[in-house]
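Student: sequence unknown, structure follows:
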């Protein structure tokens, strides 16, 4: 049985459908991420799990129980909000112990459990301070501690890293991943940052406009995106999507004919070709397409090279130290044969397109 | 690094001077004048109106042996406690909490109704209440008699209750609006976290809402206490009667200064009331500044 399950859940706010017929299931060991642009319904989905919103249609199960119309407190979940929601008039110790105080747990027991979670989150030295006296990263840990001490069935995290600055965010991300192994139960995580989702999750649901576009492991999402939306949302820089025509079993990109036979039958005229930046090579001999370099951005380890192919702009990642080109140069580019994705004119992946390699 | 201000210090002083002059003329100077008047036996008419004698603290000694002063003080304190603290602040808080996190339309409707009581001119309001509470034909008694209750002579039998209810009705809007605005400053996630934890409604109020709007509550209490202490409108309802049972301190001052023409004595009482107000304000401010333990 799945640990958390959504069955055809719908949530409307007056005339906006925030969550549209969403179904998924999460196992107990999953770090499940809801990923999508702002306004896609990911936070609403999280609030539906918490019981802060009641669905208009569908069913929600947590640990085999139908919780669709249950109050938040009857679901045994713990949530960390984007702003952490630490009570400013309580010390860190009071904040962490508050859930247990409310549940009338004996003082000695509370003291013991506060010490335990504070130690595992490395905030023992902060217990007597007030939230406004500690840093953002520390506040986030206190919020996590307050969630952990409730020993919930599911942890719900709503963009917990987005209030931290870039450097701290990376640190907190690693810590969160480490912490997850200690939690021993499912985590549902909401973010708009694909890197966070890839780094942390065991399972990702990519959402757009209230619908789930794809669910899968980070690897599946990255290597076999189900549609153009997922393909262009994941990865940095994102996948290149090139509108093209197919005729005589070959791609036509603008005026150029791609020297690439397609093993697939039943292809439509119009299609999209997808290729990730790291799978494009610049070659000296004749390659697949002729391109003109537009701009070169060195980032240390890698270099992003942007070039124009007819009216399209593509990005490629190069890992060499010296790039012997400058903007304006005409070059040949070559696609890694086994990394080409083909999408039909509605943007859906054509199954089997990853086996383009006919050599 | 030197802090940058919008305008220089000299300019600030210069701009403040006109305001300071006006405040001095209309507030500070009259207050001192009242203090001075309180030490004379000046009257409104007669020989002492032209040539008042300086009598020192005689007026003040007389106040403290005047049973009408203690009567007025007692009624004023009852009135402030009943209509301002329990009535306006209490009811205002309840209304603000009831409409908190509810639909915008409900809140607007309740607020509009409550504000109506606040924006109608005082004299009109007084007549509305006289009409409402009239012994024979008042709306309240007529309604009560439909349900088989006996008619009540509100002004005669429950004079203090009458003015307390009147002033509560009249002033609740202010507290409710202030508390509603204060509640809006609490991030929704504070209460949602509590919802998920399973905090009861009372504990949510006590542990989360109250500490977060404490300063607003004290501001409200200072203001409405002082306003209520100095309010004169109940005079339009009861004239201080029957038998001085609703004679608040301002009405007591009015009776002495303008009915009995003893402007000197009235000024002395005013000074005492001023000191009581000051004490109340200091009391609230110390209470609100008390460090958390």
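Tutor: Thanks, I have the structure now. Worth saying up front: this structure is predicted, and the values here are computed from it rather than measured.
Student: please count neighbours and contacts with C-alpha atoms only from this point.
Tutor: Fine.
Student: what residues does the stretch 101-250 of chain B have near chain A?
Tutor: B:187, B:189-190, B:192-193, B:195-199, B:208, B:211-212 (C-alpha under 8 Å from any C-alpha of the partner chain).
Student: ok, 10 Å please
Tutor: Counting by C-alpha under 10 Å from any C-alpha of the partner chain, the residues of the stretch 101-250 of chain B close to chain A are B:186-200, B:203-204, B:207-208, B:211-212.
Student: which PyMOL command selects the buried ones in those residues?
Tutor: Buried residues within these, by 16 or more other C-alpha atoms under 10 Å in any protein chain shown, are selected in PyMOL with:
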select buried, chain B and resi 189+190+191+192+193+194+195+196+197+198+199+204+207+208+212
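Student: restricted to helices, list the residues of the stretch 101-250 of chain B next to chain A.
Tutor: Secondary structure defined by DSSP state H assigns B:188-197, B:203, B:211-212 of those to helices.
Student: now, which of the residues you listed sits nearest residue B:61?
Tutor: Among these, residue B:211 lies closest to residue B:61 (C-alpha to C-alpha), at 43.8 Å.
Student: what is the neighbour count of the residue nearest to the closest one when sequence neighbours are not counted?
Tutor: Spatial nearest neighbour of residue B:211, chain neighbours left out: residue A:89 (6.8 Å); criterion: C-alpha to C-alpha, 6 or more residues apart in numbering or on different chains. Using other C-alpha atoms under 10 Å in any protein chain shown, the number of residues around residue A:89 comes to 16.
Student: where does the stretch 101-250 of chain A come near chain B, residue by residue?
Tutor: So the stretch 101-250 of chain A meets chain B at A:101, A:102, A:103, A:146, A:147, A:150, A:152 (C-alpha under 10 Å from any C-alpha).
Student: counting neighbours, which of those residues end up buried?
Tutor: A:146, A:147, A:150, A:152.
Student: got phi/psi on the last one?
Tutor: Note on residue A:152: backbone dihedrals following degrees, to the nearest 10 are phi -80, psi 170.
Student: tell me the centre residue of chain A?
Tutor: residue A:197 (3.2 Å; C-alpha atoms, centre = their mean).
Student: and residue 71, what does it touch?
Tutor: Let's take chain A. A:50, A:51, A:52, A:53, A:54, B:195, B:196, B:198 (C-alpha atoms under 10 Å, 6 or more residues apart in numbering or on different chains).
Student: I was thinking of chain B, sorry if that wasn't clear
Tutor: B:244, B:245, B:246, B:247, B:248, B:249, B:252.
Student: ok so it is a helix residue?
Tutor: Yes: judged by DSSP: H, G, I helix; E, B strand; the rest coil, residue B:71 forms part of a helix.
Student: follow-up on the earlier one: which of the residues of the stretch 101-250 of chain A next to chain B fall within helices?
Tutor: Going by DSSP H, the helices hold A:101, A:102, A:146, A:147 from these.
Student: for residue A:243, helix, strand, or coil?
Tutor: strand.
Student: what is the closest residue to it other than its chain neighbours paired to in the beta sheet?
Tutor: Spatial nearest neighbour of residue A:243, excluding adjacent residues (C-alpha to C-alpha, 6+ apart): residue A:272 at 4.5 Å. For residue A:272, the beta-bridge partners are residue A:243, residue A:343 (DSSP bridges).
Student: number of residues surrounding residue A:269?
Tutor: Residue A:269 sits with 14 neighbouring residues when counted by other C-alpha under 10 Å.
Student: looking at it now. What's its pLDDT?
Tutor: The model reports residue A:269 with a pLDDT of 76.
Student: just checking, it touches residue A:343?
Tutor: No: here residue A:269 does not reach residue A:343: they are 11.6 Å apart, not a contact under C-alpha atoms under 10 Å.
Student: give me the element residue A:18 is part of.
Tutor: strand A:16-26 (DSSP states H and E).
Student: same check, this time on residue B:244
Tutor: Going by DSSP H and E, residue B:244 is not in any helix or strand.
Student: for the stretch 101-250 of chain A, what spans make up the helices?
Tutor: Counting by DSSP state H, counting those that start in this stretch, one finds helices in the stretch 101-250 of chain A at the ranges A:107-120, A:136-148, A:166-183, A:194-200, A:218-223, A:228-233.
Student: tell me what the worst-scoring helix or strand of chain B on mean pLDDT is packed against?
Tutor: Within chain B, judged by mean pLDDT, DSSP states H and E, the helix or strand with the poorest mean is helix B:47-50; its value is a mean of 75. With contacts taken as 3 or more C-alpha pairs under 10 Å, 6 or more residues apart in numbering or on different chains; DSSP states H and E, helix B:47-50 sits against helix B:263-289.
Student: contact partners for residue 221?
Tutor: Reading this off chain A. Residue A:221 touches A:198, A:203, A:204, A:205, A:206, A:214, A:215, A:227, A:230, A:231, A:234, A:235, counting by C-alpha under 10 Å, 6+ apart.
Student: oops, I was thinking of chain B
Tutor: Applying C-alpha under 10 Å, 6+ apart, the residues near residue B:221 are B:84, B:85, B:88, B:89, B:175, B:215, B:227, B:281, B:284.
Student: where in the stretch 51-200 of chain B is pLDDT low?
Tutor: Low-confidence segments of the stretch 51-200 of chain B (pLDDT under 70): none present.
Student: helices of that one, start to end?
Tutor: B:58-64, B:67-79, B:91-99, B:104-119, B:122-133, B:139-146, B:154-157, B:159-184, B:188-197.
Student: got a markdown table for those helices, with distance to residue A:38 too?
Tutor: A markdown table is the format used below for these (distance: least, C-alpha to C-alpha, whole Å):
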| stretch | distance to residue A:38 |
| --- | --- |
| helix B:58-64 | 70 |
| helix B:67-79 | 54 |
| helix B:91-99 | 30 |
| helix B:104-119 | 25 |
| helix B:122-133 | 52 |
| helix B:139-146 | 56 |
| helix B:154-157 | 61 |
| helix B:159-184 | 24 |
| helix B:188-197 | 18 |
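Student: tell me the contacts of the residue nearest to the centre of chain A?
Tutor: Contacts of residue A:197 (C-alpha under 10 Å, 6+ apart): A:31-36, A:189-191, A:203-206, A:218, A:234.
Student: thinking again about what came up before, if we take the residues of the stretch 101-250 of chain A next to chain B, which one ends up nearest to chain B?
Tutor: Nearest to chain B among those, counting by C-alpha to the nearest C-alpha, is residue A:102 at 6.1 Å.
Student: per-residue confidence at the closest one?
Tutor: 91.
Student: kindly report the same for residue A:41.
Tutor: The model's pLDDT for residue A:41 equals 90.
Student: my guess is it contacts residue A:9, does it?
Tutor: No: counting by C-alpha under 10 Å, residue A:41 sits too far from residue A:9 to count as a contact (11.7 Å).
Student: quickly list the domain ranges of chain A.
Tutor: With domains defined by automatic domain parsing, chain A comprises A:4-229, A:238-357.
Student: for these, which one sits closest to residue B:58?
Tutor: Nearest to residue B:58, of the domains of chain A and by C-alpha to C-alpha, is domain A:4-229 at 51.1 Å.
Student: for that closest one, what is the distance to the chain centroid?
Tutor: Relative to the chain's own centre, domain A:4-229 is displaced by 14 Å; criterion: C-alpha atoms, centre = their mean, to the nearest Å.
Student: ranges for the strands of the stretch 251-359 of chain A?
Tutor: A:256-261, A:270-275, A:280-283, A:289-298, A:303-309, A:312-318, A:330-335, A:341-344 (DSSP state E, counting those that start in this stretch).
Student: quickly compare these and say which is most buried.
Tutor: Using mean count of other C-alpha atoms under 10 Å in any protein chain shown, the stretch among the strands of the stretch 251-359 of chain A with the largest mean neighbour count is strand A:341-344, at a mean of 24.
Student: quick one: that strand to chain centroid distance?
Tutor: Worked out by C-alpha atoms, centre = their mean, strand A:341-344 lies 22 Å from the chain centre.
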